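S.K.: Have a look at this prediction, sequence included:
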Amino acid sequence: MKIKAISCVLAMIVVLSALNVGSVVCSAKTAQVTSTSNSVSGPFGKYAKTVTVTIGRNDVAGSNLPSGDSLSNNLFLKAIKNDLNIDVKYSWIGSGTDQTQYDDKVNLAIASGDIPDVMYVDNLNQLNQMVKAGMLEDIKSAYTKTASPLITARYNSLPSDIRFSTSIFNGKMYALPNVNINYQYTELWVRKDWMTKVGAKTPKTLTDVINLAKTFMQKDPGGNGSGKTVGIAVNLTNGAVAGNYNGENVLDSIFNSFGSYPQSWIKQSSGKYIYGSVAPATKTALAAIAQMYKAGVIDPEFAVHSSTDENALLISGKCGITFGPWWEPYWPLNSAQSNNPSSDWEPILAPLSSNGIYNAPIPDPHTEWMVVKKGMKNPEAVIEILNLEYQGIKQIDPKVKNVNPNIINIYPNSMGVMWTVWPFPIQVEFWNENLMNYSDLSKAWNAKSTAGLTYQETETYNDFVKQNADPGMDNAAWQDWAARYEGQGLMVNNQKIVKFPTIGFPAQTATQVSKWTNLQSLEQQTFLQIIMGQKPTSYFDTFVKQWGQEGGTQITSEVNTQLK
């Protein structure tokens, strides 16, 4: 499944047991150690002599850094220099925010054989290429000796078989991966105030969802005028209607309700993997979605509309149904609610499968990496920077209340400075962060006490209080309540009906290198043709046959060999 990046390698996990990531121990007394030589001890040791680390990274749009500050000159970099005596210098920053342009920049660096000390990579094939070319440093020892307890705990929160599955090759660790947070699957977000107005019940099945959309369109609870209310907001993401985990205005939940998982490699009862987009269940799902399009339930312009177009429908009140993750209230529903404070968006687990189960995929565990150049003199400095970036969230102990100034809040919260301006723009959270966050906040809310909450959780709790005292009147408070109490709570409190398939995350195979782009185009074109009625559902069988003949069969064989 595509999840903002390339899939991961499960086959590379041959020596995870050799990486004893749980062995790092640190206390407050040993956190800061200054050595007389230019070596350090502990997760936050300060070098006696300044160590310079050169970095290549992507640009950041809307960073909200104050006037005079930039990626190359900000309080984060000054804190790293002050606390660790590490001087961060950017060799280059990718121009613009287009990932294709950034990948081209990385490709040029690889081709030249000249990469900086540390480089951000969002493409697994580029990581594999550098490993094969001998361009990267083994940082396993540096990680084991230097990673803070918090960083260690976060990586260890991943299942052991995927913890460092993309970073370890033949016993050597060549990258620091991100942790792609689990439990961010699609939910159905509906205008509850519209449901109340038209006397509709909470939808469960796909038929219920379709009927609700038709009711909104016919009864026009938003007062848009006859024929001007859109049923369900949908747009293509990377050219696809499904298969982009953690996306907005997608149709994954509908495919999933039929047991279909486009763009994912699904393990069957035989033990072999099949590409979800060519599975028989996908044909059934496409037939249902084609009927929805024919009935006008899906935005008729979805194939040419961007997410901006579809979000505009939600914000303006012309649509009251969309699919998106738990964080949908932070965008675009925050603007929709701000536009109409009396609106009430409710998350729902729908549609359920025929047996009352909510099918949901799991994400690639890793989608981004920081790689270290072969021969870098102080590789432990890379681990220290990562430690410092994250030490402030919950300090050394994840359960200790954060009461001290820290690097994460080094700028006032009101500025909204994005965390991606850190030197290492990779997210290393707990894999089950969403469940943990909701558990902390719901317990505090029930007890009406902030005792034990972190600084950030306390801020969220205070928003809960504001929202419940005056519903919808404080947009920031509404966002936190809708996302972190209702959105996350829906996932946590309904785990008994949620089913996750076994999904494999292979690296790009040899045949995929030359065939995959064409196969993806074939898939996207076929799905659109069937949904929009340009081809009958039976054409799916022709597509599957063509997909296999044009490289799909060989790729499936290679994937199964890799994941065996």
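M.R.: Cool, got the structure.

S.K.: Averaged pLDDT, stretch 293-308. What do you get?
M.R.: The pLDDT scores in stretch 293-308 average 94.

S.K.: Keeping just the C-alphas, turn that stretch into CSV.
M.R.: In CSV, the C-alpha atoms belonging to stretch 293-308 read as follows (Å, rounded to 0.1, in the frame of the first residue of the first chain):
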residue,chain,number,x,y,z
TYR,A,293,-21.3,7.1,-9.1
LYS,A,294,-24.2,6.3,-11.5
ALA,A,295,-26.6,7.3,-8.8
GLY,A,296,-24.8,10.6,-8.3
VAL,A,297,-23.9,9.8,-4.7
ILE,A,298,-20.1,10.4,-5.3
ASP,A,299,-19.1,13.9,-6.4
PRO,A,300,-19.5,13.7,-10.3
GLU,A,301,-16.4,15.8,-10.6
PHE,A,302,-14.2,13.6,-8.4
ALA,A,303,-11.9,12.5,-11.2
VAL,A,304,-10.8,16.0,-12.0
HIS,A,305,-11.2,17.6,-8.6
SER,A,306,-8.2,18.0,-6.2
SER,A,307,-8.3,17.7,-2.5
THR,A,308,-8.6,21.4,-2.4
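
S.K.: For that stretch, buried residues please.
M.R.: 293, 297, 298, 299, 302, 305, 307 (16 or more other C-beta atoms under 10 Å). Quick note: C-beta positions are derived from backbone N, CA and C, even for glycine.

S.K.: repeat for stretch 269-285
M.R.: Here stretch 269-285 shows 273, 274, 275, 276, 277, 278, 279, 281, 282, 283, 284, 285 as buried, counting by 16+ other C-beta under 10 Å.

S.K.: Kindly report the same for stretch 548-559.
M.R.: So stretch 548-559, judged by 16+ other C-beta under 10 Å, has buried residues 548, 551, 552, 554, 555, 556, 558, 559.

S.K.: the strands in the stretch 351-500 of the chain, which residues?
M.R.: 358-359, 369-372, 498-499 (DSSP state E, counting those that start in this stretch).

S.K.: and the first one, which strands flank it?
M.R.: Counting by DSSP bridges, the strands paired with strand 358-359 are strand 498-499 (parallel).

S.K.: now, the most widely separated pair of the buried residues of stretch 269-285?
M.R.: 273 and 284 (20.0 Å; C-beta to C-beta).

S.K.: Test my guess that residue 122 contacts residue 103.
M.R.: Yes. Counting by C-beta atoms under 8 Å, residue 122 touches residue 103, with 7.2 Å between them.

S.K.: Please identify which of these two sits among more neighbours.
M.R.: Counted by other C-beta atoms under 10 Å, residue 122 and residue 103 do not tie: residue 122 has more neighbours, with 20 against 17.

S.K.: excluding its backbone neighbours, what's nearest residue 206?
M.R.: residue 351 (3.9 Å; C-beta to C-beta, 6 or more residues apart in numbering).

S.K.: Where does the prediction get shaky in the stretch 401-550 of the chain?
M.R.: 401-409, 413 (pLDDT under 70).

S.K.: again, 80 this time
M.R.: Where the stretch 401-550 of the chain drops to pLDDT under 80, the residues are 401-414, 416, 454-456, 507.

S.K.: Can you classify residue 62 as helix, strand or coil?
M.R.: coil (DSSP: H, G, I helix; E, B strand; the rest coil).

S.K.: List the contacts of it.
M.R.: Contact analysis of residue 62 by C-beta atoms under 8 Å, 6 or more residues apart in numbering lists residue 418.

S.K.: I'm done for today, thanks for sticking with me.
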